[in-house]
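J.: task: produce atomic coordinates for the following.
(chains A and B)
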Amino acid sequence: MVVNCDEVWREVSNYLEGDLSPELRQAIDQHVSGCKRCAAVLDGTRNVVKLYGDERMLDVPLGFSHRMQRRLEENLPGRAGSRRGFMGWMVAAAAAMIAVGSFEVARSASSGNSNLRSEHAQSATGVPPDMVVLVSSDGGADGRIFHRAGCTFIHDKDHVRTMVARNAMREGYTPCVRCLKQYLSTKRVLAVRDTKIPS
Amino acid sequence: MEEGTGVSGEVVHGFAVARGEMLEKTTSLEDSVHDEAALVRRVCAGEHDLFYELIRPYERRVYSAAFAILRNPSDAEDVAQEAALKAFKNIRQFRSESRFSTWLIQITVNEARMWRRKGRAHMIEPIVNQQDEEGNYTPRDFADWREIPSETLERNEIRHKLAEALASLGQIYREVFVLRDMQQLSIDETAKALGISTASVKTRLLRARLMLRDLLSPGLGGSWSSRLQFEKGVKPW
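T.: The predicted structure is shown next:
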């Protein structure tokens, strides 16, 4: 069997793969031994395959393995990253609950005295409007509370001033839960509470 | 140069392999396949932490397969990660008739092609356009090729030049060449991974090898080498 240059070039790859019949292989060997051009093609192609087949040619960017590992950790179920993801959801849920709670508190606070829930801030019922009461002149540590004269629970006795109960309530003062207990609207407040809780 | 037979029964690219070394490689491969099958079973059974151990030996190949298609390091890395995650999600579908590495590369190729179709790839058109696959390729350079020693690959600029030459091939040639000659898949595995016939693999492989030979040939000072920005046809080796 005799082959020409074209046939050699067509079979170079199969030659290197060993995918040739023994006859064709021998014919190519004979041709190449006497043909510098085909020898150059065969040697060069073999060299290309050898160079690119080197492990060093499979280069990856710096930090590739680390980033791959981290991506898997973050995405595979049961991995540490996935647990972090779960915690992330928990934190987000908690934050949402706090936000909703804050909104509710703010809404409650802005709804007026009829919804006061603290026993220290209950609206008064039946307080004699002309009764002289004591209030702290600057609101001070006592907050906006009015007292009977002689009440021992006035915190800032140096800055108290007097006014009638009608004016005190008009200015937003609420009765002291100690000295004006009989005037507190506890029952009404509880009634309001009872209507809200079941909902 | 004498041909040697590799573990898959194919000839190892024109280089002699000692028989003892061959047997050692065969045993090593069998061990690794056995370990791999065990790892796959354990991952399927819920030991998800072991999945990275399963893909770690192949992560460089996964990257290079993605890079062969996308030719962009950032896209290739994204696709490599996506392919790994996809392999995990579908690991129960892996059948041990094929090698795990082949299956993984196949997923990577599909993922990279999809990435490319979606237009997320930052593609740069190849310098050497895709040519008629049917026509014969005629070598352009016939200068004696003194062998380029593998030691030159220690030099970054040599690796860069080789990568540059590879990147300039049309995609269909680059894919085949990377899977067969760089990742050492068999012809059949390459065909399966790319979804083409073995005849197409052989045709494209021949052209890819010859084109690269011309691109890197020491005697060629013409237009191809100047496109590769080799200095006035002088090769870096």
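J.: what bits of the chain have low per-residue confidence?
T.: All of this is about chain A. Residue ranges of chain A with pLDDT under 70: A:78-124, A:137-143, A:185-199.
J.: was after chain B, sorry
T.: If you take pLDDT under 70 as the line, chain B has these spans: B:1-34, B:120-135, B:142-147, B:218-237.
J.: domains of it?
T.: Per the record, chain B has its domains at B:4-117, B:150-233, by automatic domain parsing.
J.: tell me the most buried of the ones you listed?
T.: domain B:150-233 (a mean of 19; mean count of other CB atoms under 10 Å in any protein chain shown). Every residue, glycine included, has its C-beta placed from N, CA and C.
J.: JSON lines please, covering the domains of chain B and showing distance to chain A.
T.: As requested, these are exported to JSON lines (distance: least, CB to the nearest CB, whole Å):
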{"stretch": "domain B:4-117", "distance to chain A": "3"}
{"stretch": "domain B:150-233", "distance to chain A": "4"}
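J.: three-state assignment of residue A:151?
T.: When classified by DSSP: H, G, I helix; E, B strand; the rest coil, residue A:151 comes out as coil.
J.: count of neighbours near the residue in chain A positioned nearest to chain B?
T.: Nearest to chain B, among the residues of chain A, is residue A:18, at 2.7 Å (CB to the nearest CB). Residue crowding around residue A:18 was assessed by other CB atoms under 10 Å in any protein chain shown; the count is 17.
J.: can you give me the strands in chain B?
T.: Assigned by DSSP state E, chain B shows strands spanning B:4-5, B:11-12.
J.: so which of the domains of chain B comes closest to residue A:132?
T.: domain B:4-117 (77.8 Å; CB to CB).
J.: ranges for the helices of chain B?
T.: Ranges of helices in chain B, per DSSP state H, are B:19-44, B:51-55, B:59-70, B:73-89, B:100-117, B:156-167, B:171-177, B:187-194, B:198-216, B:223-227.
J.: and what of chain A?
T.: Going by DSSP H, chain A shows helices at A:5-17, A:22-33, A:36-52, A:64-75, A:80-109, A:165-170, A:186-196.
J.: so what sits opposite residue A:174 in the bridge?
T.: Here residue A:174 shows beta-bridge partners residue A:145, assigned using DSSP bridges.
J.: hang on, it packs against residue A:135?
T.: No. The pair residue A:174 and residue A:135 fails to qualify as a contact (CB atoms under 8 Å) at a distance of 10.5 Å.
J.: shared neighbours of the two, which are they?
T.: A:144-146 (CB atoms under 8 Å, 6 or more residues apart in numbering or on different chains).
J.: and those, which of them are buried?
T.: A:145-146 (16 or more other CB atoms under 10 Å in any protein chain shown).
J.: the domain parsing of chain A - what is it?
T.: If you go by automatic domain parsing, chain A breaks into A:5-57, A:64-108, A:118-196.
J.: show me the contacts for residue B:213.
T.: A:41, A:44-45, A:47-48, B:139, B:141, B:145.
J.: what sits closest to it if chain neighbours are left out?
T.: Once flanking residues are discounted, residue B:213 sits nearest to residue A:44: 4.2 Å by CB to CB, 6 or more residues apart in numbering or on different chains.
J.: count the neighbours of the one you found for me.
T.: Look at residue A:44: counted by other CB under 10 Å, it has 29 neighbours.
J.: repeat for residue A:22
T.: 7.
J.: ok, residue A:28 touching residue A:2?
T.: No. Using CB under 8 Å, residue A:28 makes no contact with residue A:2, being 10.3 Å away.
J.: for the two, indicate the residue with more neighbours.
T.: Neighbours per residue, other CB under 10 Å: of residue A:28 and residue A:2, the larger number sits with residue A:28, 22 against 7.
J.: so which bits of stretch A:12-22 are buried?
T.: A:12-18, A:20.
J.: biggest separation within those residues, which pair?
T.: Farthest pair in the buried residues of stretch A:12-22, by CB to CB: A:12 and A:18, 12.4 Å.
J.: show me what contacts residue B:104?
T.: B:55, B:58, B:61-62, B:83-84, B:87.
J.: scratch that, residue A:15 is what I was asking about
T.: Residue A:15 touches A:25, A:28, A:42, counting by CB under 8 Å, 6+ apart.
J.: and the second one, how far is that from residue A:34?
T.: Looking back up the chat, that one is residue A:28. 11 Å (CB to CB, to the nearest Å).
J.: now residue A:129. Its backbone dihedrals?
T.: When read as degrees, to the nearest 10, the backbone of residue A:129 gives phi -60, psi -30.
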